[in-house]
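Asks: Need a 3D model of the following:
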Amino acid sequence: MDTTLETTLEVLDGDRVKLTVAVDETEFDVAVEAAFKRIAKEVRLPGFRPGKAPRKLLEARIGVAAGRQEALQQALPDYYGRALAENEVDAIDQPEIEITGGTEDGPLTFDAVVPVRPRATVAGHGSLRVEIQAIEASDDDVTEQLDAIRRQHATLVDADRSADDGDQVTIDINGSIDGEAIEGLTTSDYLYEVGAGAVVPEIDENLRGASAGDTLEFDADHPEEEGETLSFRIEVKAVQTRVLPDADDAFAAEATEFETIDELTTDLRDRITTMRRGQAGMMARDRTAQALADLIDMEIPPTLVESEIDGRINDMAMRMSSQGIDFAAYMEAMGRDLTGMRDELREGAEMAARVDLGLRAVADAEGLSGEGEALDEYLGLLAEQTGGDIDGIREALTSSGRMLEVKADIRKQAALAWLFERAEIVDEEGNEVDRALLEPPEPVEVPEMAIPADDDEVGETGGSAPDGDEEE
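Replies: Predicted coordinates:
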């Protein structure tokens, strides 16, 4: 217990508490003494070198209140932080602080009205129904992946008709603003897939129904520069369609390491199932947390959402830094700004904040503790990682106020485990999922042939790709 601070806690309405803090006069005088030493370096007094003027002389020259005010600015955050830790206050925003005594003499006293994390209520959490993707690959799943491989080996043939989605058109494209051609949007003999959605939707809208020999002219709003208009002129040179090879033994032997189509499809089925098996447990837990979030019927404080966004951006910047990538340079190169990124992250951040409140509510409702063996195990692991001792780590976490966060994380993990154990886990068809399949599988040796995720372009282009379509 911090014997140099006296604190009392009062619970207010609106998810706030009031801390009343009194700092021992002797301790505050240490901060005042340090403040006058800093002031002495800035104040010039005849007969004294900078920083050597005695405190009494400074008090007489500038007043006692000046030193105390300087001490307040420097020491108040520490006193406030210690008061939070002493009372285990879960603050989520900046406090409103009022100095109530000590500006002239005596002990320092202040009041701090602190916004705290709201406590949600939850009902029905013990009977969640959670749906995940079927773990065993279906015939449709195998066919989809097989078709993806076939598309990689497709040939193009001329289509004696107008273009439709999925067709490949050879075009000369000229994009301009006020008559000035735009580099990256001007090229010849470019092979484009109708419906790809590259650059602007108007390109696809005009290519649908177009035939070889057509010339298309149209305008579109600039996708990045508000108020700017892009002008396009497209000459359609050819319309072609993909012809996929037959899914037979000859195709399997030519395109893969397998001799027969049965061997290939069996391998695809095994791969899909293995991949889903590896993801199923995590997916089921994520869906359980989301199902819990749906039960939390309250407005989430904006501060919690913004704090979650801050954390995600900081994590991203740290990961990039560890890879030698400058975050600011990356943002500039990608043409992105923090405001836009924050908007993109907001929906997910709000869901995470709602899950956080839900898990805390479950821990409260079910009496799940962040103490005992779980805490000892966490501290032991931390001691092993850092080379410290458990008691020292416990004291450091407690005095810094971080122990509150540690205990909350342990309680939330326990709450998620409690929910997961009782949730009904089903696949898309409503079939109950075998719990054994939700445990991490034993590692297996997997050959290198990958399941294709996206179509590759067929054929060769006669020019550079317009911006936005280079990796389609």
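
Asks: can we go C-alpha only for contacts and neighbour counts from here?
Replies: Will do.

Asks: and the gap between the residue nearest to Gly227 when sequence neighbours are not counted and Glu235?
Replies: Spatially, and ignoring its direct neighbours in sequence, Gly227 is nearest to Asp221 (7.3 Å; C-alpha to C-alpha, 6 or more residues apart in numbering). Applying C-alpha to C-alpha, to the nearest Å, the value for Asp221 to Glu235 is 20 Å.

Asks: Looking at the two, which one has more neighbours?
Replies: Counted by other C-alpha atoms under 10 Å, Asp221 and Glu235 do not tie: Glu235 has more neighbours, with 21 against 15.

Asks: so who does the more buried one touch?
Replies: Applying C-alpha atoms under 8 Å, 6 or more residues apart in numbering, one finds that Glu235 lies in contact with Ile171, Asp172, Ile173, Gly213, Asp214, Thr215, Leu216.

Asks: Neighbours of the third one, how many?
Replies: When counting by other C-alpha under 10 Å, one arrives at 22 neighbours for Ile173.

Asks: so is it in a helix, a strand, or just coil?
Replies: Three-state assignment for Ile173 (DSSP: H, G, I helix; E, B strand; the rest coil): strand.

Asks: Now it. Nearest residue, chain neighbours left out?
Replies: Excluding its sequence neighbours, the residue lying closest to Ile173 (C-alpha to C-alpha, 6+ apart) is Ile234, at 4.6 Å.

Asks: Output whatever helix or strand the one you found lives in as CSV, restricted to C-alpha atoms.
Replies: Secondary structure assigned from DSSP states H and E places Ile234 in strand 229-243. Extracted in CSV, the C-alpha atoms of strand 229-243 (Å, rounded to 0.1, in the frame of the first residue of the first chain):
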residue,chain,number,x,y,z
THR,A,229,-13.4,13.6,-64.1
LEU,A,230,-11.6,10.9,-66.1
SER,A,231,-12.3,10.6,-69.8
PHE,A,232,-11.8,7.3,-71.5
ARG,A,233,-11.5,6.2,-75.1
ILE,A,234,-11.5,2.4,-75.6
GLU,A,235,-11.1,0.5,-78.9
VAL,A,236,-12.2,-3.1,-78.6
LYS,A,237,-10.0,-5.3,-80.8
ALA,A,238,-11.1,-8.8,-79.9
VAL,A,239,-13.5,-10.6,-77.6
GLN,A,240,-12.4,-14.0,-76.4
THR,A,241,-13.7,-16.6,-74.0
ARG,A,242,-11.9,-19.1,-71.8
VAL,A,243,-12.1,-22.7,-72.8
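
Asks: Strand partners (parallel or antiparallel) of that strand?
Replies: Here strand 229-243 is paired, per DSSP bridges, with strand 155-158 (antiparallel), strand 168-177 (antiparallel), strand 215-221 (antiparallel).

Asks: Please identify the buried residues of the helix or strand that that strand is followed by?
Replies: Helices and strands here follow DSSP H and E; after strand 229-243, the next one along the chain is helix 249-255. By neighbour count with 16 or more other C-alpha atoms under 10 Å, helix 249-255 contains the buried residues Asp249, Phe251, Ala252.

Asks: Put together CSV for the residues you listed, with pLDDT and distance to Leu5 on each row.
Replies: Formatted as CSV, those follow (pLDDT from 0 to 100; distance: C-alpha to C-alpha, whole Å):
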residue, pLDDT, distance to Leu5
Asp249, 97, 81
Phe251, 96, 79
Ala252, 96, 77
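
Asks: What is the nearest of these to Glu180?
Replies: The closest of these to Glu180 turns out to be Phe251 (C-alpha to C-alpha; 48.3 Å).

Asks: Next, the contact list for that closest one, please.
Replies: The contact partners of Phe251, by C-alpha under 8 Å, 6+ apart, come to Pro245, Ile261.

Asks: For this protein, which segments count as strands?
Replies: For the chain, applying DSSP state E gives strands covering 5-12, 16-23, 96-101, 108-115, 129-131, 155-158, 168-177, 180-193, 215-221, 229-243, 424-426.

Asks: on contacts alone, who are the packing partners of the first one?
Replies: When you say that, I think you mean strand 5-12. Applying 3 or more C-alpha pairs under 8 Å, 6 or more residues apart in numbering; DSSP states H and E, one finds that strand 5-12 contacts strand 16-23, helix 64-87.

Asks: relative to strand 5-12, how tilted is the longest one?
Replies: So that's helix 64-87. Put simply, helix 64-87 runs at 70 degrees to strand 5-12, going by axes from the mean of the first three to the mean of the last three C-alpha atoms, to 10 degrees.

Asks: in helix 64-87, what counts as buried?
Replies: Buried, per 16+ other C-alpha under 10 Å, within helix 64-87: 64, 66-72, 75-76, 79-80, 82-86.

Asks: what about Gln168, neighbour count?
Replies: 26.

Asks: Please report how far the residue lying closest to it once chain neighbours are set aside lies from Arg242.
Replies: Leaving aside its sequence neighbours, Gln168 sits nearest to Glu193 (C-alpha to C-alpha, 6+ apart; 4.5 Å). Glu193 sits 10 Å away from Arg242, taking C-alpha to C-alpha as the criterion.

Asks: the more surrounded of the two?
Replies: Shown here are Glu193 and Arg242; by other C-alpha under 10 Å, Glu193 has more neighbours (25 against 17).

Asks: what sits against that one?
Replies: Glu193 makes contact with Asp165, Gly166, Asp167, Gln168, Val169, according to C-alpha under 8 Å, 6+ apart.

Asks: JSON lines please, covering those residues and showing distance to Met282 and pLDDT.
Replies: As requested, the contacts of Glu193 are exported to JSON lines (distance: C-alpha to C-alpha, whole Å; pLDDT from 0 to 100):
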{"residue": "Asp165", "distance to Met282": "36", "pLDDT": "94"}
{"residue": "Gly166", "distance to Met282": "35", "pLDDT": "91"}
{"residue": "Asp167", "distance to Met282": "38", "pLDDT": "94"}
{"residue": "Gln168", "distance to Met282": "39", "pLDDT": "95"}
{"residue": "Val169", "distance to Met282": "42", "pLDDT": "96"}
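
Asks: filter these to the buried ones?
Replies: Applying 16+ other C-alpha under 10 Å to the contacts of Glu193, the neighbour count classes Asp167, Gln168, Val169 as buried.

Asks: Okay, and the beta partners of the second one?
Replies: What it means is Gln168. For Gln168, the beta-bridge assignment (DSSP bridges) gives partners Glu193, Gln240.

Asks: Numbering from 40 from now on, please.
Replies: Yep, numbering from 40; the last one is Gln207 now.

Asks: residues contacting it?
Replies: By C-alpha under 8 Å, 6+ apart, the contact list for Gln207 reads Leu195, Leu230, Tyr231, Glu232, Val233, Val278, Gln279, Thr280, Arg281.

Asks: can you name the two of these that are farthest apart?
Replies: Using C-alpha to C-alpha, the contacts of Gln207 reach their maximum pairwise distance at Leu195 and Val233, which is 13.9 Å.

Asks: Of the two, which one has the most company?
Replies: Val233 (21 against 15).

Asks: Would you mind listing the residues in contact with the more buried one?
Replies: By C-alpha under 8 Å, 6+ apart, the contact set of Val233 is Ala202, Asp203, Asp204, Gly205, Asp206, Gln207, Val208, Asp243, Leu246, Arg247.

Asks: any idea how far the fourth one is from Ala198?
Replies: Shown here: Gly205 relative to Ala198, a distance of 12 Å by C-alpha to C-alpha.
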